[in-house]
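# Give me a model of this one.
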Amino acid sequence: MNQVGGTKGPVVEVVEDEEPEAVAEAQEKNEAVELSGEQKQPPVENPMEEDPVTTTPATVFCIRLKQPKSHLLHKMSVPEVCRNFSAVSWCGKLNAIACASETCARIPSSTANPPFWIPIHIVIPERPTECAVFDVLADSPRDSVQFIEWSPTSCPRALLIANFHGRVTIWTQPSQGPANLVRDTSYWQLEHEWRQDIAVVTKWLSGVSLYRWLSSKSSGAANSKSIFEEKFLSQQSQTSAILISARWPNFLCVCSVFSSGSVQLHWSQWPHCQNAAPARWFCTSKGLLGCGPSGIMDADAIITDSGAMHVAGVPIVNPSTVVVWEVMPGPGNGFQATPKTSINNCAPPLSPPNWSGFAPLAAYLFSWQDYLISEEKRGKKLTDQNIGDSIPLHCSPVSNFSAYVSPEAAAQSSAATTWGSGVTAVAFDPTRGGSVIAVVIIEGQYMSPYDPDEGPSVTGWRVQRWESSLQHVVLHPIFGNPTSSMGGQPPMQTVWQSKVDLSIPPTNDFKNHRTHAVGMKTNVQKVSESSFKGVTFDPFDLPSDVRTLARVVYAAHGGEIAIAFLRGGVHIFSGPNFAPVDNYQITVGSAIAAPAFSSTSCCLASVWHDTCKDQTVLKIIRVLPPAIPTSQVKANSSTWERAIAERFWWSLLVGVDWWDAVGCTQSAAEDGIVSLNSIIAVLDADFHSLPSAQHRQQYCPSLDRIKCRLLEGANAQEVRAMVLDMQARLLLDMLGKGIESALIDPSVLVPDPWQVSSDTLSRIDAQAVSVEPALMPSIQAYVDSVLDLASHFITRLRRYASFCRTLATHAVTAGTASNRNIVPSPAAQSSATPAPSQGAQNGTTSSSGTPQMQAWVQGAIAKISNPADGVSNPTPNPPITGPPSFMPISVNTGTFPGTPAVRLIGDCHFLHRLCQLLLFCFFFRRAQLPRYAGGAHRTADANAQKPQPNASAPGNVDEVAKPVSTVVKSDDGQTNRTGQVVPGAKGTEEPTSGRSRVGTGNAGQGYTFEEVKVLFLILMDLCRRTSGLQHPLPVSQVGSSNIQVRLHYIDGNYTVLPEVVEASLGPHMQNMPRPRGTDAAGLLLRELELHPPAEEWHRRNMFGGLSSDPNDVGPANKLVSSSPRDLSSLENCDVYHGAHAIWPRKRRMSEREAAFGLNSSVGLGGYLGIMGSRRDVVTALWKTGLEGVWYKCIRCLRQTCAFTSPGSTNPPSQNDREIWWISRWTHGCPICGGTWVRVV
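Next up, the predicted model:
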């Protein structure tokens, strides 16, 4: 049990309303994974309810979790003995849910498993099929997980699991190893374990966040010109000088408050070197709270703004009072018991000078840590018992308040509070630094004085919110002037005031306590009230602790709060006034189903055990917006859309995952509560209202990722093209950051090369723009990707301008200039008239019709006239005679709704960044010319056979540069044998150094220096021609009746007419590189790893991608094992099976042919070998599936094998510099930011 990797496999099943016979048949076939995705659970039909939405809470999805078959073989079925419970925690950083619901017992005849264990499920809600399971030891069949919590977002990832019987375990991702050790979300190991007494709380400690949830009540706050971060800045933290001088560091520290009335801390060594030995853990002795001999009822702990540690608890001797203690270092003033043992007489001081600037308690712990490590280096053996007994703590009460009125006051009011009422749950607001406490009071007879074994009687629940403030102490004048003895400062005291006081009547969950958990449809219901007051327990289902009847769960940002009662009742409140949001009931027996909020608290996770099927059930419930009646759906749509948009911005600001906001948005959109287009319009308006371009540049990639994920599954062509454009921007951003990090001197990159004179550019030394020698292969792959992206972008623009010119030419040749022959341009009509230099074309691009221009227009007409095969007719149309009169091309990007890359011509930032990176590619490629100059006499064949240093794809990939006997068709319709040199056709190149092909770009063909130069010159000319254009930020669409999905822009967007594009491309038309296979468009998208929205959004959640379903035996899966040259089998594969059947046949065939280069203008030949490999998303190299250990992104399914896997015995093949360069992405995908899981 020292190291346990998560067991992955078919352990997830989505709950649907299928018939029992169908379920039994599916289970017999071992079809364990049946997902319906993030789909709203159909409500339970009840003829007594008119509105079915109100019968169950809004559901994102509900799934069953199973243990591995190897565990089930040794599991003994004794439901009356083994305990069922509910424990769940949601990691905001990883977007991972850890949950448990049962204690398992081993059959007596087996020795494979421990006698008792608790399965812990790690589920990624974004892709529930990626589920890992590991086991925690249990001490008895009645043991349970009492506390489960992920570490704070500011600390390393760790999972705290505390059993009721006192076993505490810490689970982490492996961190010992090289810098590029992957953080696999499905792999967790046991780092530390200890035993403790029965605790009322065991939790992580963390400092107060700088940000506080301050939701704006109107959209006006979002459009203000104030700095964006100030919207959520905590004013108290911002102005607190103490926080800066005495901060609580980001280290792993666990606080346990025991029922006996003591507190203890465990912490991990800090700071910890990644490559050092496993982290050491230390613990303090138990500090007595001083709450009386009977112990404590419930407690919570927090780090205040000043860095002090406060514990709020309820003494059993006075259960109506909440006392707040401060935990301080050292033994105190003699009240505490002296340490049992002493390691040495020279113990570290209470205020260590080596840790100045930290909170006193943290500095005290670190001082002891350094001292103990130094003692071990001297050879002294220390045990955990010795260490724990030597680090004393002492506690001092600082304030208290009575949580309910006295019986005398209750007799004079309508409240039914009696002497037996008491506080059963207490919790600090995690964002207020100890100044806000929420309490839950059980009203009625808490403990019977006549029969101690009798359970409590409930007349109601009361939820209160208390705030503290410092006020002056009012003293009688007889005591004199207190300021003289207080250093001139008047004495202050902490005063608590009740701000919220809610009453919740008892529910029928106590009355129906004997109803066991049955089917899914009856497990989650709305809470109904009942007048039943007695609380009795099933002898086979006794609670772990009768004193704990409720739990308080705060959201991470404090905006929402959930109160969970015994036997499954859950109430959700929002805001500082505890406005009711929703409530529901889960049948969990005599247990508290404490839920877990997501990172932005848009969703809530609840877990329970289905005793009928003996499975764990996990349900994601939508909190924002909750289930509302149909009549109120449209009334508050704008309010909900603004609230959801703010959750997205909050996630970006504090650095947590935003999938929960996507999940609630998708679910609410299916219910008709909100509109995806409207939410995106709000996000765009907020983005464009950011105060500076630096802010927009910081958040633009994140907003691209959010919008791509929100639009996944859209079928509209313009939306699909928009997603491809945003992914192209993300790819360019990743490539630019990778190249800059590899440069020896990043400052040599010219920021605006189009504004620099040609003489200045020619004087730039290619050696100055150099990269680390160890990173040359990786940067070569990045350069190939930049060139592929630029080629793809320019090719789309060429077709855009060609199509527009064809329309204008047809209008001229028809002898009319009427508007009916010209496609109108909304953007051109709304924008100002372009300058004459924009529309005027000179030289070879004159609209008067030079031979080059006429040939180009002739080819475009031929394409439009014969779109079936994408090539020109054998007998072309007659040439245009005479120079036609000038006709402006009044067509804009709106004419191409389904064409990607065309809209990017108006993105200033994309255009300028691509030009800057192409300048680097130009110098990078020019520096390689001397390397090939000596081999100019070699033919292109020999050059193609030479393996490139970075070519990790199959060997036959480079054969595409060889002459083949097939007919090569250029993208302009030119046809010739490859033995002949045709300008613009992909035949053999002249054996000069400038025409030598380097790299594996362009379908493995590589690029010549001349092609790189042409791409750079085209972008330079585009940037120069558009630099004088106005580029305002788009106008907000919020409130519009017809909202369209649009791109968002960092520096605004141009309105670039086709004449400008035509003028820039004209001089280089015959020398442009032709992307292979772009007639069908799919191959280059595959080359760039740009993914359009899925055909069926739920299907990606179901099967984890196109090739993960074992029954999916379409030709795409057969190609890997087929011969690369055997094209006959590919041409005849017209039948799809399995999940592919949901796609239309025409779409299936066209996308298949595009992906594999069939029926396109270029025969790919040996490139089919590269289709059997994978494009590594981190290194941008093509690699076979046999290399290394592959990991896939949980969000976009891109894959990489560049990382070192946990427990790997093979040393990495990369050098140290390459390992550092790769390590930037060990935590998440560079394109979409998703976490990694191992490809099984």
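
# Report the residue spans of the stretch 1-150 of the chain with pLDDT below the cut-off.
1-12, 14-55 (pLDDT under 70).

# For it, which segments are assigned as strands?
Applying DSSP state E, counting those that start in this stretch to the stretch 1-150 of the chain gives strands spanning 7-8, 12-14, 59-65, 75-76, 84-91, 96-102, 104-106, 116-123, 131-137, 145-150.

# how much does the third one deviate in direction from strand 131-137?
Translated: strand 59-65. Between strand 59-65 and strand 131-137, the angle comes out at 60 degrees (axes from the mean of the first three to the mean of the last three C-alpha atoms, to 10 degrees).

# So the chain: which segments form each domain?
Listed domain ranges for the chain are 59-215+245-333+348-406+417-474+491-509+533-622, 633-712, 753-803+899-930+996-1088 (source: the TED database).

# Now the terminal residues of the shortest one, how far apart.
Between the opening and closing residues of domain 633-712 we find a distance of 24 Å, counting by C-alpha to C-alpha, to the nearest Å.

# measure residue 88 to residue 1192 for me?
Noted for residue 88: a distance of 26 Å to residue 1192, by C-beta to C-beta, to the nearest Å. Just so you know, the C-beta spots here come from the backbone N, C-alpha and C atoms, and that holds for glycine as well.

# need the domains of the chain in CSV with mean neighbour count and distance to residue 1183, can you?
Below are those laid out as CSV (neighbours: other C-beta atoms under 10 Å; distance: least, C-beta to C-beta, whole Å):
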stretch, mean neighbour count, distance to residue 1183
domain 59-215+245-333+348-406+417-474+491-509+533-622, 20, 15
domain 633-712, 21, 25
domain 753-803+899-930+996-1088, 20, 10
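
# Quick one: closest of those to residue 1228.
domain 59-215+245-333+348-406+417-474+491-509+533-622 (8.2 Å; C-beta to C-beta).

# What is the subsequent helix or strand relative to the longest strand belonging to the chain?
In the chain, with assignment by DSSP state E, the single longest strand is strand 457-472. Downstream of strand 457-472, the first helix or strand assigned by DSSP states H and E is strand 492-504.

# Run through the neighbouring helices and strands of that following strand.
Applying 3 or more C-beta pairs under 8 Å, 6 or more residues apart in numbering; DSSP states H and E, we find strand 492-504 packed against strand 393-402, strand 457-472.

# Let me know the angle separating that strand from strand 457-472.
Taking the same axes, to 10 degrees, one finds that strand 492-504 is oriented at 150 degrees with respect to strand 457-472.

# what's the model's confidence in strand 492-504, averaged?
Taken as a whole, strand 492-504 has an average pLDDT of 90.

# contacts for that strand?
324, 398-401, 437, 460-473, 563, 571, 573, 576-578 (C-beta atoms under 8 Å, 6 or more residues apart in numbering).

# what about 7 Å?
Around strand 492-504, the neighbours that count as contacts under C-beta atoms under 7 Å, 6 or more residues apart in numbering are 398-399, 401, 460-473, 571, 577-578.

# Repeat that for stretch 362-372.
Stretch 362-372 is touched from outside by 248-249, 267, 269-270, 282, 329, 348, 350, 352, 354-355, 382, 387, 391, with contacts defined as C-beta under 7 Å, 6+ apart.

# Could you list which of the residues you listed belong to strands?
Assigned to strands by DSSP E, the following of those qualify: 267, 282, 329.

# Turn the domains of the chain into JSON lines, columns for distance to residue 1199.
Compiled in JSON lines, the domains of the chain are given as follows (distance: least, C-beta to C-beta, whole Å):
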{"stretch": "domain 59-215+245-333+348-406+417-474+491-509+533-622", "distance to residue 1199": "12"}
{"stretch": "domain 633-712", "distance to residue 1199": "18"}
{"stretch": "domain 753-803+899-930+996-1088", "distance to residue 1199": "13"}
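
# related to what we said a few turns ago, let me know the closest of the ones in strands among the contacts of stretch 362-372 to residue 901.
residue 267 (52.6 Å).

# what's near enough to touch the nearest residue to the closest one once chain neighbours are set aside?
Distances taken as C-beta to C-beta, 6 or more residues apart in numbering put residue 253 closest to residue 267, at 4.2 Å, once the chain neighbours are dropped. For residue 253, the contact set (C-beta under 7 Å, 6+ apart) comprises 204-205, 265, 267.

# Looking at the helices and strands packed on strand 492-504, which is nearest to residue 425?
Among the helices and strands packed on strand 492-504, strand 457-472 sits nearest to residue 425 (C-beta to C-beta), with 9.2 Å.

# Who are the packing partners of that closest one?
Secondary-structure packing of strand 457-472 (3 or more C-beta pairs under 7 Å, 6 or more residues apart in numbering; DSSP states H and E): strand 436-445, strand 492-504.

# State the mean pLDDT of the shortest one.
Confidence for strand 436-445, expressed as mean pLDDT, is 86.

# Stretch 656-671 too?
Per-residue pLDDT values over stretch 656-671 give a mean of 94.

# can you list contacts of that stretch?
Residues outside stretch 656-671 that contact it (C-beta under 7 Å, 6+ apart): 38, 40, 58, 60, 92-95, 125-126, 153, 598-600, 602-603, 620, 622, 624-625, 640, 644, 647-648, 651, 674-676, 679, 706, 709-710.

# hmm, 6 Å instead?
By C-beta atoms under 6 Å, 6 or more residues apart in numbering, the list of residues contacting stretch 656-671 from outside reads 38, 40, 60, 92-93, 95, 126, 153, 598-600, 602-603, 622, 624-625, 644, 647-648, 651, 674, 676, 679, 709-710.

# Mind checking which of these land in helices?
644, 647-648, 651, 676, 679, 709-710 (DSSP state H).

# returning to what we had before: put the alpha carbons of the longest strand of the chain into PDB.
Output of strand 457-472 as PDB, limited to C-alpha atoms (Å, rounded to 0.1, in the frame of the first residue of the first chain):
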ATOM      1  CA  SER A 457     -36.000  14.900  19.300                       C
ATOM      2  CA  VAL A 458     -36.200  17.600  16.600                       C
ATOM      3  CA  THR A 459     -38.600  20.500  16.500                       C
ATOM      4  CA  GLY A 460     -36.600  22.300  13.800                       C
ATOM      5  CA  TRP A 461     -33.300  23.400  12.500                       C
ATOM      6  CA  ARG A 462     -31.800  26.900  12.700                       C
ATOM      7  CA  VAL A 463     -29.000  28.200  10.500                       C
ATOM      8  CA  GLN A 464     -27.200  31.300  11.600                       C
ATOM      9  CA  ARG A 465     -24.400  33.500  10.300                       C
ATOM     10  CA  TRP A 466     -22.300  35.500  12.800                       C
ATOM     11  CA  GLU A 467     -19.900  38.300  12.100                       C
ATOM     12  CA  SER A 468     -17.200  39.600  14.500                       C
ATOM     13  CA  SER A 469     -15.900  43.100  14.900                       C
ATOM     14  CA  LEU A 470     -13.500  44.800  17.200                       C
ATOM     15  CA  GLN A 471     -15.100  47.300  19.600                       C
ATOM     16  CA  HIS A 472     -13.900  49.300  22.500                       C
END
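
# how far off strand 393-402 does that strand point, in degrees?
Going by the same axes, to 10 degrees, strand 457-472 makes 110 degrees with strand 393-402.

# just to revisit the earlier point, and the helices and strands packed on strand 457-472: which comes nearest residue 1011?
Nearest to residue 1011, of all the helices and strands packed on strand 457-472, is strand 436-445, at 64.2 Å by C-beta to C-beta.

# And the strand or helix carrying residue 1011, what does it pack against?
Using DSSP H and E, residue 1011 maps to helix 1009-1026. Contacts defined by 3 or more C-beta pairs under 6 Å, 6 or more residues apart in numbering; DSSP states H and E place helix 1009-1026 against helix 908-926, helix 1058-1065.

# Any idea which of those helices gets closest to residue 143?
If you check each of the helices and strands packed on helix 1009-1026 against residue 143 by C-beta to C-beta, helix 908-926 wins as the nearest, at 57.2 Å.
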